[in-house]
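Student: The sequence and its predicted three-dimensional model are supplied below.
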Amino acid sequence: MSHAKVVRSTTVPPVVSHPTSLTHTPFSGTPTTTGALHASSIGTGVPSLGISPTATTYPSDGQLHDPQPGPYIPAGGVGTGGETPVYDAKSDFDYEPLALALYQEYTELDLFHDGLARFSVEEFTAAGLTAEDRFLIEFMADQEVGHATIVTNILGAEAPRMCTYNYPYTTVYEFVDFCQKLTRFGESGVYSFLPQFA
């Protein structure tokens, strides 16, 4: 019996960084509209083909219907055949929403850092926010590094890059309000396109 040697990549994907020297000044220059990317069209829209004949064939009766790949592992999940899952865009329809999500993650990443840098401890305290609240904002910013990193690595070398941002808040109260609005926008956008991935 021969034993095949498994070679695993030791390359670690790069982590998205957030420069602390970003400017947050109003835009100067001439704005332009470039429009959405487009390719040649093969028709006038998505045809209505109805439900796929195999879409509802699983019996959903609470029983196991296929051999288990291992103890307590039901058949059919990603990676349950021993293959390493690969997370990448499978279509233009995957790539475009992921690019939009990455811009959202970049904005949130920069926003949380900007508020913490812009306002003093005294200003946060005067607004009724404690050190624990500031730590939570910093924790959320650190989470955005992870989110931006994973989406960047899914999209690859040509993934969008961080922009320069100008925020409308001037007080801690306005900062917190803007954070709530921006993150709500991002979450609702993600929920709307998740079911569409291939």
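Tutor: Nice, I can see it. Owing to the predicted nature of the structure, the values given are computational and were not obtained by experimental measurement. Residues are numbered from 1 along each chain as shown.
Student: Which strands or helices does the longest helix anywhere in the chain pack on?
Tutor: Assignment by DSSP state H gives helix 92-118 as the longest helix of the chain. Counting contacts by 3 or more CB pairs under 8 Å, 6 or more residues apart in numbering; DSSP states H and E, helix 92-118 is packed against helix 131-155, helix 172-193. Just so you know, the C-beta spots here come from the backbone N, C-alpha and C atoms, and that holds for glycine as well.
Student: What are the buried residues along stretch 172-186?
Tutor: Val172, Phe175, Val176, Cys179, Leu182, Thr183, Gly186 (16 or more other CB atoms under 10 Å).
Student: so which of the residues you listed would you say is closest to Gly77?
Tutor: Distance to Gly77 across these (CB to CB) is lowest for Gly186, with 27.9 Å.
Student: For that closest one, give its distance to His147.
Tutor: 10 Å (CB to CB, to the nearest Å).
Student: Now for those two: what residues contact both?
Tutor: Glu105, Glu108 (CB atoms under 8 Å, 6 or more residues apart in numbering).
Student: lowest-pLDDT helix or strand in the protein?
Tutor: helix 172-193 (a mean of 88; mean pLDDT, DSSP states H and E).
Student: and that one, what other elements does it pack with?
Tutor: helix 92-118, helix 121-126.
Student: Could you check the angle that helix makes with helix 92-118?
Tutor: 170 degrees (axes from the mean of the first three to the mean of the last three CA atoms, to 10 degrees).
Student: low-confidence ranges in this protein?
Tutor: Filtered on pLDDT under 70, the chain yields the residue ranges 1-13, 20-21, 33-36, 78-81, 196-198.
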